[in-house]
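need a structure here:
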Amino acid sequence: MIARYSARLGGWALLIGLALPRWAAAADVAPAKQPPAPAAKAAKPHVPAAQPPKAVDDDYEMCKLLIDTIDQVERNYVTKVSRRELIEAAIRGMMSKLDPYSGYISPRELGRFRASMESEFGGIGVQVAIEGDQLRIISPMCGTPAYRAGLLAGDRILEIDGRSTDGLTLDEDIGKLKGEEGKPVTLTVIHPGKRDREKISLVRQRIHLETVLGDRRKADGGWDFMLDPKQGIGYVRLTVFSRDTATRLRTVLSTLRAQKLRGLILDLRFDPGGLLDAAVEVCNLFVSSGRIVSTKGRNCPERIWFARKEGTFEGFPMAVLVNHYSASASEIVAACLQDHKRAVIIGQRTWGKGSVQNLIDLENGKSALKLTTASYQRPSGKNIHRFPDSKLSDEWGVMPDQGFEIKLGDEEMLKLLEDRRRRDIVMPAGRSGQAAKTQPPATAKSGSSAKDAGTRHAGPAVVDRQLQAAVGYLSRELAKAP
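As a prediction, the model looks like this:
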């Protein structure tokens, strides 16, 4: 069979030979002629030849079906299609049956993908995911073209440069958003709670992520991390977990400690995640012993990360803010601090992205598979990942502590995001005669003082109820101290 098939398909037979080497020789190659056996007085009972297992036979038929299909398209389709296009389309078809985080990375996409892993790439500065078969923004990154243009967490991206995002994989969508610096891109979006489409044009730039932020800018454009100097309450916001996040956070914590830090708010809202190692390092800044996180997969051994006491920041209460757009590495940190009772969790249930992706080289490193191979487990052993068929009553994500669930409606979240976007932007000194300043939100109000309203924050202050709850919790805890 293989000989005849090989003559017709040429190189395609190699795929069968490589994929099915163990049984092809036994099942499909005719045995050589043997000399006649000597006459026997009695015939021996017939023993049927061993047959390949049915599962293996099914594997062969499936491979044959794939190769037959590619062969027919390559030879008979109305226009010429290259063999590589067909193979890559078949691989992408396979990946589409898996979760949204698995995908094929072609040779032309691999360099761009590796650059993005280093937290520096050409793009618009937005984190996206597929939710309900729609491309949705998890969060724009502070100081990027997307942020300045007014793109918001929860925005649905319907088109990229006039092409619909329907039917595209997450990696294909991301590939279209990224590109050469200075090149324009136009998005068609619908904001949360709105019905009308809006076209937004942006110019790509080199994106270097600023991952550790405060609540407000100082006069020099840097961040002020002391939210309430009188009570000694610090505030740190993580936008993504990159290679230098833990190092930068350690520096900030050291500065706050020198300023007599007594309580800390860690804001992980709208943080889509990032590197597992970065999440582990952040946890290790606050937890001195015990399990941080573990991973377990169908075909890989369990791996466990444990905390180390050296360099840990302890001795003060903490509150962690999360919402529906806190995902992946954010959930690892929130779950770890919650399970170790190191912090109280305030806000809304998190996204539920608790899967591990491995990059598997293909073609000697020319292309790759990004494949989900394991899932995260909290220190308590509970599940984080929200599977496609998960229900609200199932165990996934990170839930706020009892009494600290504070849900924000679409309109309230939009006002909060818009106010936050205005306050995060570094304004040129010439715009108002000096760098923009904001007053500390003594009652956890996000907004400017009346003095600054005309230069930086038009409109009334916006109350951040989740932040307000965190300040209230820490104030009560600090009041208990002798």
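
quick one: contacts for residue 91?
residue 104 (C-beta atoms under 8 Å, 6 or more residues apart in numbering). No exception for glycine: its C-beta is placed from N, CA and C like everyone else's.

and it, what helix or strand is that in?
Assigned by DSSP states H and E, residue 91 belongs to helix 83-96.

that helix: how far from the chain's middle?
Distance of helix 83-96 from its chain centroid, counting by C-alpha atoms, centre = their mean, to the nearest Å, is 23 Å.

low-scoring stretches of the protein, by residue?
Applying pLDDT under 70 to the chain flags the ranges 1-56, 115-120, 221, 425-460.

would you mind finding the longest strand in it?
strand 367-377 (DSSP state E).

what helices or strands is that one leaning on?
strand 103-105, helix 107-117, strand 291-296, strand 355-362 (3 or more C-beta pairs under 8 Å, 6 or more residues apart in numbering; DSSP states H and E).

all helices for the stretch 351-482 of the chain, in order.
Counting by DSSP state H, counting those that start in this stretch, the stretch 351-482 of the chain has helices at residues 410-424, 429-432, 450-453, 465-480.

can you redo these as TSV with distance to residue 317 and mean neighbour count?
Formatted as TSV, those follow (distance: least, C-beta to C-beta, whole Å; neighbours: other C-beta atoms under 10 Å):
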stretch	distance to residue 317	mean neighbour count
helix 410-424	24	18
helix 429-432	37	11
helix 450-453	31	13
helix 465-480	4	18
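
give the bridge partners for the closest residue to residue 240 other than its chain neighbours, please.
Distances taken as C-beta to C-beta, 6 or more residues apart in numbering place residue 274 nearest to residue 240, at 4.7 Å, with adjacent residues excluded. Applying DSSP bridges to residue 274 gives these bridge partners: residue 241.

mind putting the helices and strands packed on strand 367-377 into TSV with distance to residue 415?
Listed next are the helices and strands packed on strand 367-377 as TSV, based on distance: least, C-beta to C-beta, whole Å:
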stretch	distance to residue 415
strand 103-105	36
helix 107-117	31
strand 291-296	35
strand 355-362	33
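
so for residue 412, which of those sits nearest?
strand 355-362 (30.5 Å; C-beta to C-beta).

buried ones in that closest one?
355-357 (16 or more other C-beta atoms under 10 Å).

just put those in a markdown table and tack on distance to residue 279.
Below are the buried residues of strand 355-362 laid out as a markdown table (distance: C-beta to C-beta, whole Å):
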| residue | distance to residue 279 |
| --- | --- |
| 355 | 14 |
| 356 | 12 |
| 357 | 14 |
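
which one of those is nearest residue 252?
Using C-beta to C-beta, those come closest to residue 252 at residue 356, 28.0 Å.

surely the closest one meets residue 377?
No: if you go by C-beta atoms under 8 Å, residue 356 and residue 377 don't touch, sitting 10.7 Å apart.

overlap in contacts of these two?
With C-beta under 8 Å, 6+ apart, residue 356 and residue 377 have common neighbours residue 295.

can you confirm residue 80 is in a strand?
No: going by DSSP: H, G, I helix; E, B strand; the rest coil, the assignment for residue 80 is coil, not a strand.

and this protein, what are its domain boundaries?
In terms of domains, the chain is parsed into 1-22+53-81, 103-118+120-208, 212-356+378-411 (source: automatic domain parsing).

roughly how far out does stretch 58-70 sit from the chain middle?
For stretch 58-70, the distance to the chain centre is 34 Å (C-alpha atoms, centre = their mean).

for stretch 399-418, same thing?
The answer for stretch 399-418 is 21 Å, by C-alpha atoms, centre = their mean.

just the CA coordinates of it, formatted as CSV?
The C-alpha trace of stretch 399-418 is given here as CSV (Å, rounded to 0.1, in the frame of the first residue of the first chain):
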residue,chain,number,x,y,z
MET,A,399,-13.4,35.8,44.5
PRO,A,400,-13.2,38.9,46.8
ASP,A,401,-13.2,38.1,50.5
GLN,A,402,-16.6,38.0,52.2
GLY,A,403,-18.1,41.5,52.6
PHE,A,404,-15.6,43.0,50.0
GLU,A,405,-17.3,42.3,46.7
ILE,A,406,-18.0,45.6,45.1
LYS,A,407,-19.4,45.4,41.6
LEU,A,408,-19.2,48.4,39.2
GLY,A,409,-21.7,48.9,36.4
ASP,A,410,-20.7,49.7,32.8
GLU,A,411,-21.3,53.4,33.2
GLU,A,412,-19.5,53.7,36.5
MET,A,413,-16.5,51.7,35.1
LEU,A,414,-16.4,53.9,32.0
LYS,A,415,-16.3,57.1,34.1
LEU,A,416,-13.6,55.6,36.3
LEU,A,417,-11.5,54.5,33.4
GLU,A,418,-11.8,57.8,31.6
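
who touches it?
150, 152-154, 191-193, 270, 322-323, 338, 344-349, 446, 462, 464-466, 469, 473.

can you tell me the distance between the two ends of stretch 377-386?
One end of stretch 377-386 sits 12 Å from the other (C-alpha to C-alpha, to the nearest Å).

buried set for stretch 390-407?
So for stretch 390-407, counting by 16+ other C-beta under 10 Å, buried means 396-401, 404, 406.

circling back to that earlier point, what does the longest strand of the chain contact?
Counting by C-beta under 8 Å, 6+ apart, 95, 98-99, 101-107, 110, 113, 171, 293-300, 331-332, 354-362, 383-385 sit against strand 367-377.

the same query, at a cut-off of 6 Å, please.
99, 101-103, 105-107, 110, 293-297, 300, 354-362, 384-385 (C-beta atoms under 6 Å, 6 or more residues apart in numbering).

name the residues of that strand that are buried.
Within strand 367-377, judged by 16+ other C-beta under 10 Å, the buried ones are 367-372, 374-377.

residue 332 - that's part of a strand, no?
No: counting by three-state DSSP, residue 332 falls outside a strand, being helix.

ok, it - how many residues close by?
28 (other C-beta atoms under 10 Å).
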